[in-house]
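> need a structure here:
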Amino acid sequence: MECGQKSCASCTEAGGKKKAKEEVMACRLSRIKNKLVVMSGKGGVGKSSVACYLALSLAERGFKVGLLDVDLHGPSIPKMFGLNGPLNITSEREIVPYPYSPNLKIVSIESMLEDTDSPIIWRGPIKHGVIQQFLADCDWGDLDFLVIDSPPGTGDEPLSVSRLIPEAMAIIVTTPQEVALADVRKSITFCRKVNMQILGLVENMSGMFCPHCNEFIPIFRTGGGLRTSDAMKIDFLGELPFEPKVVEGGDRGKPILNDGEKTPFAKSIGEFTEAVLARLGTAAAKA
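Residues are numbered from 1 along each chain as shown. Now for the predicted structure:
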């Protein structure tokens, strides 16, 4: 379904009747060219950081990007970008994404909560309804990419995304240790069972560069991500080194790609982004 209107929620049928939520959602999603779900088999592998920096890197290349945080129990995107307060809601009950930059818009469940310290205690059907509402009610407009930060594991949220956005493609994040790789294999199997296309695997925290001598230091074992991608027959999208400034930037709400410093991490993010674009067959830069 193609929509030529600026506000899909105002699309009406004959007689002025509003369309069903499913139709409005399909209308909005038709205006988004690529939907990427960043997921992981376990927590602590830096999945949200990968989603954050992929969205930033794509936006810096001139693409129109939306970043949707559906990690309902542990949303971290607002903290990483320094976002505070609720999102704006229009008189037509549309959610207006936060305009972080001219090319990047952000929406997170945390922005809809009155008390961000209160836990969310929801069962699966409620989670599914919330994600569906985000997709139907958010006025993203026309996007080249929607990057979706999904919680770790193979539970309700990634399952809902696979059902609501069947054309979404997964980027799976791991670290080199075997305990992470064992869980990531479950994520790969999950994607195949729900018929979600896997764009590829990226290895995060593959090691670090010494800030004094710039020599590479393997923190964990190396090469686990590449070996797993070969064994599971999926594309390998690259390795991202551990960078203490990423942690500092996340705590301050100022991602380090904004400062323009050419660190090994920034270089690796660029190569990772190029690998994503190449896998999609998308031009690496906007005309």
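
> in stretch 200-213, what's buried?
Residues of stretch 200-213 classed as buried by neighbour count (16 or more other Cβ atoms under 10 Å): 200-209. Yep, even glycine has a C-beta here, placed from its N, CA and C like the rest.

> can you put the residues you listed in a markdown table and add secondary structure?
Below are those laid out as a markdown table (DSSP: H, G, I helix; E, B strand; the rest coil):
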| residue | secondary structure |
| --- | --- |
| G200 | strand |
| L201 | strand |
| V202 | strand |
| E203 | strand |
| N204 | strand |
| M205 | strand |
| S206 | strand |
| G207 | strand |
| M208 | strand |
| F209 | strand |
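
> among these, which one sits closest to V65?
V202 (17.4 Å; Cβ to Cβ).

> picking up where we left off before, determine which two of the buried residues of stretch 200-213 are furthest apart.
G200 and F209 (23.6 Å).

> helices of the stretch 51-200 of the chain, start to end?
Along the stretch 51-200 of the chain, counting by DSSP state H, counting those that start in this stretch, helices occupy 77-81, 124-137, 156-164, 178-193.

> centre of the chain to the third one, how far?
By that I understand helix 156-164. Computed by Cα atoms, centre = their mean, to the nearest Å, the chain-centroid distance of helix 156-164 equals 14 Å.

> what of the second one?
From the chain centre to the centre of helix 124-137 is a distance of 17 Å (Cα atoms, centre = their mean).

> which residues of the chain score low on pLDDT?
Residues of the chain meeting the criterion pLDDT under 70: 1-19, 74, 112-124, 179-180, 210, 221, 258-261, 283-287.

> would you map the strands across it?
In the chain, the segments counted as strands under DSSP state E are 32-40, 65-69, 88-89, 95-96, 98-101, 104-108, 143-149, 169-174, 197-209, 216-217, 236-242.

> okay, the ones you listed in JSON lines with distance to E248 next?
Formatted as JSON lines, these follow (distance: least, Cβ to Cβ, whole Å):
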{"stretch": "strand 32-40", "distance to E248": "22"}
{"stretch": "strand 65-69", "distance to E248": "20"}
{"stretch": "strand 88-89", "distance to E248": "30"}
{"stretch": "strand 95-96", "distance to E248": "30"}
{"stretch": "strand 98-101", "distance to E248": "19"}
{"stretch": "strand 104-108", "distance to E248": "20"}
{"stretch": "strand 143-149", "distance to E248": "20"}
{"stretch": "strand 169-174", "distance to E248": "20"}
{"stretch": "strand 197-209", "distance to E248": "14"}
{"stretch": "strand 216-217", "distance to E248": "19"}
{"stretch": "strand 236-242", "distance to E248": "12"}
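
> which among the buried residues of stretch 200-213 gets closest to G82?
Nearest to G82 among those: N204, at 21.9 Å, using Cβ to Cβ.

> measure that closest one to I106 for me?
As judged by Cβ to Cβ, to the nearest Å, N204 and I106 stand 21 Å apart.

> again, but for V247
Distance, V247 to I106, using Cβ to Cβ: 20 Å.

> neighbour count: those two, which is higher?
Neighbour totals were compared for V247 and I106, and I106 leads with 25 against 13 (other Cβ atoms under 10 Å).
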